[in-house]
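Asks: next one to model:
(chains A and B)
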Number of protein chains: 2
Amino acid sequence: MARKAAKKNAFYAQSGGVTAVINASACGVIETARRHKDRIGKVYAGRNGIIGALTEDLIDTGRESAAAIAALRHTPGGAFGSARYKLKGLDENRAEYERLIEVFEAHNIGYFFYNGGNDSQDTAYKVSQLSEKMGYPITCIGVPKTVDNDLPITDNCPGFGSVAKYVAVSIREAAFDVASMAKTSTKIFVMEVMGRHAGWIAAAGGLAAEKAGDAPHVILFPEVVFDQEKFLKRVDQAVKKYGYCAIVVSEGVRNAAGRFLAEAGTKDAFGHTQLGGVAPVIAQLIKDSLGYKYHWAVADYLQRSARHIASKTDVEQAYAVGKAAVQLALKGQNAVMPTIVRKSDKPYRWGIGVAPLADVANVEKKMPREFIARDGFGITEKCRRYLQPLVRGEDYPPYRNGLPQYATLKNTPVPRRLKGRFVLK
Amino acid sequence: MARKAAKKNAFYAQSGGVTAVINASACGVIETARRHKDRIGKVYAGRNGIIGALTEDLIDTGRESAAAIAALRHTPGGAFGSARYKLKGLDENRAEYERLIEVFEAHNIGYFFYNGGNDSQDTAYKVSQLSEKMGYPITCIGVPKTVDNDLPITDNCPGFGSVAKYVAVSIREAAFDVASMAKTSTKIFVMEVMGRHAGWIAAAGGLAAEKAGDAPHVILFPEVVFDQEKFLKRVDQAVKKYGYCAIVVSEGVRNAAGRFLAEAGTKDAFGHTQLGGVAPVIAQLIKDSLGYKYHWAVADYLQRSARHIASKTDVEQAYAVGKAAVQLALKGQNAVMPTIVRKSDKPYRWGIGVAPLADVANVEKKMPREFIARDGFGITEKCRRYLQPLVRGEDYPPYRNGLPQYATLKNTPVPRRLKGRFVLK
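Replies: I've put the predicted structure just below:
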């Protein structure tokens, strides 16, 4: 019986904003755990992330067929539900940690796999301290994920490559459209992309420009203070030289006063400012100053859920970090996160490394200044060399009747074993 | 020598808003003409549509390789440039028609292929009257194109199927994202699509909903007057039942006073209203009334240039109408447009028919009322049966380094033969 008790169940949860490939990581975790049934019992997923653990709302992934789990690899969103919920410090809210231990104990959970970005790796790190600080034996592994590409140590973050590909493909396509309309109609196209704090996603738009004159002609980064005069001059030059101007703008662009442009420009009829969208602000500015007709797009969730145009590299890496997380746990590692290690650019070769959660938690990787062109409106060759392999390869989902077939799991609840209900703060 | 004079050159032009597949029609025209070199000499394309004819700015498509022309089949935008330019009536601006004859004569043009929507078919019709009214022998064939799907007689319009597919895929993907975030964060997602006068594109979003609870939960059509109270009730019901609500809204939605909602809501800091976008207005309305956190997207040009996710049916039909246009001309038909004829729904079978331009010009096909659900917020089974085959099949472009490889032609100008310059009104 000692042998049996030694076989622990695993807990897996998705955290923060989801991506086109976070489920590929889930697939990697679950498929790998299933191959080690001698060591890992059930894999329970938290319904809506860590909240599922706190409220004892667990999903029995063992009820899903092998085909359903395999289909996660090509399904966007978070199949078990995600959450924006950050655990407080052990001293600030000890009740949460006691509750986690209570739930883990009740369900014989000895492995904790937490799939998320900066905040989530912090949570994973805190949970990893349960062994040491509260005497509950748990093996805790972070699984990296974020479209923002801002986790440290890892060369890049699963989720980012697919957004990057979507943005580069979209601005290239829209530019073909604008170029054909420019003679008598639209001359300006502005596409807003995510990235409130860092310009990684905006930079990816730059991949579309392979030779002089190619779109995008201007990229606006959160790292570069918006200089209206210089910007308008640049736009006008592009229109005069190429007939049109295609612009990628990060939602995080700020003016010299440090205010988001998205907030600086617009108010609705009631005086609200939440309407947001920096693309229309930029477009209107150009119209007012230069008189050019414009169109603008805000991709928003479309960019991070666009599994139909996911990067194959990204899908493979997302799966690989899920798989590696389980392997690291089986090797007895704790409080670590698998990383992606770039071994060479050309040909692109990568492998899996490992980083201590203590070094990952709450550290934000900024985009290097040498990735942004000197004039602040484009990317450098160095940046292109970094980004290019991350968007490489297509990994199309299956289609039926013209639409991608994505998995919806049964998400069967695990019967509760605890009587008390936990109230989230 | 009489034999040689009988062999006329052809003029081809793209007109109005471009699509993901208008170049597939160009490909169909040019490849088919090349197979009939005994009857058709050169194919000259108008640079920027009809403007190219008026200003004697012709492109010699004969300078393009077979591979380059073949690549048009998978290239979005208008390869020769399009234009929003409608010829006036023969009596109103006779000079334009005289100029066209002058240019056609100078370049031995006997075939006129005009690729566009309602306005463009009107232009094609006017040009077709040149033979009769001004004694210049020309064979004039319209080639249908419009994402708005509002040309009469033809069962559907090339360009629409690909937008429809993009919209259905995008709302499905975004809904997977929102569903996973809804517990602690975003509960509302609003996606704005094109279609100022008709709800065809918005309706296509409905294809994503295959079973109860599937997104989109609400569609707002230009055909249905916006009823704020009923709408909010419906949104709230969806959130309470499914945890979130995904909405597709047509840019053309109007309130009871007949005003576009996009204009009704927003003003920028300077009092301008052009910022537009109905999605943020709808999102803000929900936030103000129901308090739910939202995200919104405006796809704009992305939807009509998304060749990467084009419908295979659409690509094939776009090519087929281009090919048929040349075949009709060779059969001696004039003042007609090839149409798409639906022969059966299941299995979907279609063929090419023919419609007189006189019956096509300026007639707008509305969406039938029986395509919209009785409550005004969704599509009917009848609508689904109509739309479904149009998005079927994938037709992926080739990729290099993770990005689609689209054709950019040489667009070599034909040497001018006329001395006078024509000034556009």
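
Asks: every contact and neighbour count from this point should use C-alpha atoms.
Replies: Noted.

Asks: in the stretch 151-300 of chain A, which spans are helices?
Replies: A:160-181, A:200-205, A:228-242, A:261-265, A:278-290 (DSSP state H, counting those that start in this stretch).

Asks: now render these as CSV, adding mean neighbour count.
Replies: Below are the helices of the stretch 151-300 of chain A laid out as CSV (neighbours: other CA atoms under 10 Å in any protein chain shown):
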stretch, mean neighbour count
helix A:160-181, 29
helix A:200-205, 29
helix A:228-242, 15
helix A:261-265, 19
helix A:278-290, 20
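
Asks: weakest of the ones you listed by average pLDDT?
Replies: Comparing mean pLDDT over the helices of the stretch 151-300 of chain A, the weakest stretch is helix A:261-265, at a mean of 72.

Asks: apart from its chain neighbours, what residue comes closest to A:Q333?
Replies: Excluding its sequence neighbours, the residue lying closest to A:Q333 (CA to CA, 6 or more residues apart in numbering or on different chains) is A:T139, at 7.1 Å.

Asks: flag every buried residue along stretch A:95-112.
Replies: Buried residues in stretch A:95-112, counting neighbours by 16 or more other CA atoms under 10 Å in any protein chain shown, are found at A:96-104, A:107-112.

Asks: I figured the residue nearest to A:Q333 hits A:M337, correct?
Replies: No. Look at A:T139 against A:M337 with CA atoms under 8 Å: they stay out of range, at 11.6 Å.

Asks: what is the nearest residue to A:R34 once chain neighbours are set aside paired to in the beta sheet?
Replies: The spatially closest residue to A:R34, leaving aside those adjacent along the chain, is A:I40, at 7.7 Å (CA to CA, 6+ apart). On the basis of DSSP bridges, A:I40 is bridged to A:K8.

Asks: so what's the residue count around A:I40?
Replies: For A:I40, the count of nearby residues is 22 (other CA atoms under 10 Å in any protein chain shown).

Asks: could you check how far it is from chain B?
Replies: 26 Å (CA to the nearest CA, to the nearest Å).

Asks: now for that residue: which residues touch it?
Replies: Counting by CA atoms under 8 Å, 6 or more residues apart in numbering or on different chains, A:I40 touches A:K7, A:K8, A:N9, A:A10, A:A33, A:R34.

Asks: which SS state does A:K346 fall under?
Replies: Following DSSP: H, G, I helix; E, B strand; the rest coil, A:K346 is assigned to coil.

Asks: count of residues packed around it?
Replies: A:K346 has 8 nearby residues by other CA under 10 Å.

Asks: any chance of the backbone angles for it?
Replies: Torsion angles at A:K346 (phi, psi; degrees, to the nearest 10) stand at phi -130, psi 110.

Asks: let me know the closest of the buried residues of stretch A:95-112 to chain B.
Replies: A:E96 (17.2 Å; CA to the nearest CA).

Asks: just the element for the closest one, please.
Replies: helix A:94-106 (DSSP states H and E).

Asks: what about that helix, distance to the chain center?
Replies: Chain-centre distance of helix A:94-106: 28 Å, with CA atoms, centre = their mean, to the nearest Å.

Asks: for that helix, which helices and strands make contact with it?
Replies: The contact analysis (3 or more CA pairs under 8 Å, 6 or more residues apart in numbering or on different chains; DSSP states H and E) places helix A:94-106 against helix A:50-54.

Asks: switch to 10 Å and redo it
Replies: Helix A:94-106 sits against strand A:8-14, helix A:50-54, strand A:109-116, helix A:118-128, helix A:130-134, with contacts defined as 3 or more CA pairs under 10 Å, 6 or more residues apart in numbering or on different chains; DSSP states H and E.

Asks: how about CSV for the ones you listed, with mean pLDDT and distance to A:D214 added?
Replies: Output for these, formatted as CSV (pLDDT from 0 to 100; distance: least, CA to CA, whole Å):
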stretch, mean pLDDT, distance to A:D214
strand A:8-14, 98, 38
helix A:50-54, 96, 45
strand A:109-116, 97, 35
helix A:118-128, 92, 35
helix A:130-134, 85, 53
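
Asks: can you list those in CSV and add distance to A:A26?
Replies: What follows is the helices and strands packed on helix A:94-106, written out as CSV (distance: least, CA to CA, whole Å):
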stretch, distance to A:A26
strand A:8-14, 8
helix A:50-54, 15
strand A:109-116, 8
helix A:118-128, 15
helix A:130-134, 23
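
Asks: quick one: is the strand or helix carrying A:D314 near chain B?
Replies: Following DSSP H and E, the helix or strand that holds A:D314 is helix A:312-330. Yes. Helix A:312-330 reaches chain B (CA under 10 Å from any CA of the partner chain) through A:K312, A:T313.

Asks: just the angle between that helix and helix A:160-181, please?
Replies: If you take axes from the mean of the first three to the mean of the last three CA atoms, to 10 degrees, helix A:312-330 sits at 170 degrees to helix A:160-181.

Asks: mind saving the C-alpha coords of stretch A:398-409 as CSV?
Replies: The C-alpha coordinates for stretch A:398-409 follow below in CSV (Å, rounded to 0.1, in the frame of the first residue of the first chain):
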residue,chain,number,x,y,z
PRO,A,398,-8.9,20.1,-39.2
TYR,A,399,-12.0,21.6,-40.9
ARG,A,400,-15.5,20.5,-41.4
ASN,A,401,-17.9,22.3,-43.6
GLY,A,402,-15.5,25.1,-44.0
LEU,A,403,-14.9,25.8,-40.3
PRO,A,404,-12.1,24.6,-38.0
GLN,A,405,-13.2,21.9,-35.7
TYR,A,406,-12.1,22.8,-32.2
ALA,A,407,-12.4,20.5,-29.1
THR,A,408,-14.9,21.2,-26.4
LEU,A,409,-14.2,18.8,-23.5
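
Asks: and it, anywhere near chain B?
Replies: Yes. Contact of stretch A:398-409 with chain B (CA under 10 Å from any CA) involves A:Y399, A:R400, A:N401, A:G402, A:L403, A:P404, A:Q405, A:Y406, A:A407, A:T408.

Asks: get me the contact residues on the stretch 301-425 of chain A for chain B.
Replies: Contact residues, the stretch 301-425 of chain A versus chain B (CA under 10 Å from any CA): A:301-313, A:388-394, A:396, A:399-408.

Asks: need the three-state assignment for the closest residue to A:A71 other than its chain neighbours.
Replies: Distance criterion CA to CA, 6+ apart; nearest residue to A:A71, sequence neighbours excluded, is A:A407 at 5.8 Å. On the three-state scheme (three-state DSSP), A:A407 is labelled coil.

Asks: flag the shaky bits of chain A, pLDDT-wise.
Replies: For chain A, residues meeting the criterion pLDDT under 70 lie at A:1-5, A:264-276.

Asks: give me the domain ranges for it.
Replies: A:2-146+A:309-362+A:394-404, A:160-305 (automatic domain parsing).

Asks: quick one: residues contacting A:E132.
Replies: Residues near A:E132 by CA atoms under 10 Å, 6 or more residues apart in numbering or on different chains: A:I138.

Asks: how about 8 Å then?
Replies: Not one residue lies near A:E132 by CA under 8 Å, 6+ apart.

Asks: how much space separates A:G17 from B:H295?
Replies: According to CA to CA, to the nearest Å, A:G17 stands 12 Å off from B:H295.

Asks: more neighbours: which of the two?
Replies: More crowded of A:G17 and B:H295, by other CA under 10 Å: A:G17, with 25 against 19.

Asks: dihedrals phi and psi, the more buried one?
Replies: When read as degrees, to the nearest 10, the backbone of A:G17 gives phi -60, psi 130.
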